[in-house]
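S.K.: show me how the following folds:
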Amino acid sequence: MAVGTTPMRVDVVSPEELLWSGEAEFVVAKTVDGEIGILAHHEPLMAALASGTVTIHTGGDQISPSIGGGFLQILDNTVTLLVDEATLERDNPTE
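M.R.: Residues are numbered from 1 along each chain as shown. Now for the predicted structure:
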């Protein structure tokens, strides 16, 4: 695990389905107040998400859901993205 020392759980949830769930080292999201970078054991936080791309770093992979707004919750080493709508792209820079 290159970016963070400890993984955290990340769930990306839309009204229709669980889009992605797994462990991540680092998450970057755009909130209505600006961009936030999240590592494991971040302080508890609730924030409104702005439309844009969320970047989830998972070892060698990068998950990049494009979202249409929603909410972000950080609690107990878990990041939950409750999104209005999303499309999911997965990049693997190691291949």
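S.K.: okay, CA-based contacts and neighbour counts for the rest of this
M.R.: Fine.
S.K.: excluding its backbone neighbours, what's nearest Ala86?
M.R.: Closest residue to Ala86 apart from its sequence neighbours, by Cα to Cα, 6 or more residues apart in numbering: Ile67 at 4.3 Å.
S.K.: pretty sure the one you found contacts Val83?
M.R.: Yes: counting by Cα atoms under 8 Å, Ile67 touches Val83, with 6.4 Å between them.
S.K.: could I get the full set of strands for this structure?
M.R.: 8-13, 18-24, 26-31, 34-39, 45-49, 52-53, 55-58, 61-63, 66-67, 70-75, 78-83, 86-87, 90-91 (DSSP state E).
S.K.: as CSV, those with mean neighbour count would be great.
M.R.: CSV is the format used below for the strands of the chain (neighbours: other Cα atoms under 10 Å):
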stretch, mean neighbour count
strand 8-13, 20
strand 18-24, 16
strand 26-31, 20
strand 34-39, 14
strand 45-49, 16
strand 52-53, 18
strand 55-58, 21
strand 61-63, 18
strand 66-67, 20
strand 70-75, 17
strand 78-83, 22
strand 86-87, 17
strand 90-91, 12
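S.K.: and those, which one is worst for confidence?
M.R.: Out of the strands of the chain, strand 90-91 stands lowest, with a mean of 61 (criterion: mean pLDDT).
S.K.: now do the contacts for Met46.
M.R.: 71-74 (Cα atoms under 8 Å, 6 or more residues apart in numbering).
S.K.: what is the burial count for Gly60?
M.R.: 12 (other Cα atoms under 10 Å).
S.K.: look up how far Leu88 lies from it.
M.R.: Look at Gly60 and Leu88: by Cα to Cα, to the nearest Å, they are 17 Å apart.
S.K.: Leu82 reaches Val13, doesn't it?
M.R.: Yes: counting by Cα under 8 Å, Leu82 does reach Val13; the two are 5.0 Å apart.
S.K.: perfect, I'm done here.
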